[in-house]
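A structural model of the following input is requested.
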Amino acid sequence: MISKTEQLPAFDRFIAIDWSGARGKRYAGIAVALCGAGDAAPRLVTPPAGWWSRTAVAAWLRDAVVGQGGVFGQGGALVGIDCAFSLPFAVAGRSLPDGAGVFDLWNEIERICADEPDFGGVPFTEHPLHGAGYWRGGPQPDHYQDPHRATERACRDEGLGSPQSPYKLIGSKQVGKGGLAGMRVLRALRAAAPDAVAVWPFDPVAPGRTVFAEIYPRLFLKQTGFGQRKIRDGADLDAALAQLGAGPLGVGGTVSDHDSDALVSAAGLRWLAQRPGLWQPVGLDDTARTREGWILGVGAPVPAASG
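Numbering: from 1, shown residues only. Below you'll find the predicted structure:
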C-alpha cells in the first residue's frame with residue numbers, strides 16, 4: 001500500500017521470475033529475467049549449474065537484497081513472481097484463528113512444510129486440517145468449491161486472463177503448489193531483510209525498498225496482442241517486447257515459453273512501474289491488503305501498448 005502523498009518508488013531493476021512448485025531438486029520451469037531502467041531488452045539470468053532450484057533463486061535474491069551486490073542498485077528493485085502470494089481466505093481462514101492474516105498463514109505453511117526440501121509446499125495440501133479444501137486427484141470431489149481470491153476474479157472480469165484457483169491441483173495449469181512454495185520463499189526473504197524488503201500489498205511500498213509483487217504473465221502477453229498464445233519464437237518475442245517499450249533481444253529460433261514469460265514480464269514490470277494508480281488498484285480492500293494479496297496491474301489504469 002502507498003498513500004496518495006507518498007513518493008512513488010523509482011526502481012533500478014525489474015526482475016521477473018517464472019515459477020514452479022514441482023517436487024525435485026531442479027526444474028526446467030523456472031526462469032529469471034532482469035532489465036534496468038530505460039528501454040534495453042531484458043536478459044535472462046544464468047542459473048547456477050545450468051538449472052534453477054527454488055533454493056538457488058531464494059539465495060540469489062537474498063544476496064542481492066542483503067549484500068547490495070550491484071544486482072538491485074541503490075534504488076531497489078521491483079521483483080515479480082508468477083505465483084499466488086496467498087490463498088482464498090473463505091477456505092484458508094476456516095483452519096486459522098479468528099482475525100488471522102497472511103503472515104499467520106505463511107507461518108502455518110512453514111510450520112507444516114519445514115522439513116520439505118527446496119521450499120516445497122506439498123505437505124500443506126495433504127494436511128488433515130489445512131488440506132481439506134484441495135482437489136488433489138481423481139474426479140472433482142463433492143466438497144470442492146473452486147475458490148478464488150478477489151484479484152483472480154477481477155483479472156478474469158477485465159479480460160486479462162483466467163487464473164486457476166490455488167486449491168485446484170489438477171492438470172498442467174495448476175498453480176497451488178507453486179504458490180505455497182513461493183510463500184515460503186517470500187517469508188524467508190522478508191525475515192532476512194525486513195528493512196529492505198516489502199511484499200506488496202501487505203507491506204508499505206516506499207522508495208529504496210525492494211518490492212516483491214505477484215504477477216500473472218498472461219496479463220502482459222494480452223497487452224502485446226498474443227492473447228492466449230505462448231511465445232516460443234525469437235521473432236515473436238521481439239515483437240512482444242517492442243509493444244512494452246523494450247528493444248529487441250535478437251534471439252533466433254525457438255525460445256522456451258518459461259524464458260519468454262519471464263522476459264516479457266520483466267519488460268512489462270518496467271512498463272507498468274510508474275503508472276498512476278498502480279499501487280492503489282480498484283478492488284484492493286482490507287481483505288486483499290491483509291489476507292489475500294493482489295496481482296500487480298489488475299484494477300489499475302493500463303496504458304496503451306507502444307505498437
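
surely residue 59 is within a strand?
No: applying DSSP: H, G, I helix; E, B strand; the rest coil, one finds residue 59 to be helix, outside a strand.

what's the burial count for it?
Neighbour count of residue 59, defined by other CB atoms under 10 Å: 13. (Each C-beta comes from the backbone N, C-alpha and C, glycine too.)

tell me the spacing between it and residue 41.
Using CB to CB, to the nearest Å, residue 59 is found at 26 Å from residue 41.

what is the neighbour count of residue 225?
By other CB under 10 Å, neighbour count at residue 225 equals 12.

pretty sure it is touching residue 243, no?
Yes: between residue 225 and residue 243 there is a contact under CB atoms under 8 Å: 6.6 Å.

so which elements touch the lowest-mean-pLDDT helix or strand in the chain?
Here the helix or strand of the chain ranked lowest by mean pLDDT, DSSP states H and E is helix 54-67, holding a mean of 86. Where contact means 3 or more CB pairs under 8 Å, 6 or more residues apart in numbering; DSSP states H and E, helix 54-67 is packed against helix 176-192.

got the angle between the helix it packs on and helix 54-67?
Angle of helix 176-192 versus helix 54-67, following axes from the mean of the first three to the mean of the last three CA atoms, to 10 degrees, is 30 degrees.

who does the next helix or strand after helix 176-192 pair up with?
Note on helix 176-192: by DSSP states H and E, the next helix or strand toward the C-terminus is strand 197-199. Paired with strand 197-199 in the same sheet, following DSSP bridges, are strand 210-214 (parallel).

may I see the buried residues of the helix or strand just after the partner strand?
Going down the chain from strand 210-214, the next helix or strand is helix 217-223, by DSSP H and E. Buried residues in helix 217-223, counting neighbours by 16 or more other CB atoms under 10 Å, are found at 217, 218, 219, 220, 221, 222, 223.

residue boundaries of the helices in the stretch 1-150 of the chain?
For the stretch 1-150 of the chain, the helices defined by DSSP state H, counting those that start in this stretch occupy 54-67, 89-92, 102-113, 122-125, 150-157.
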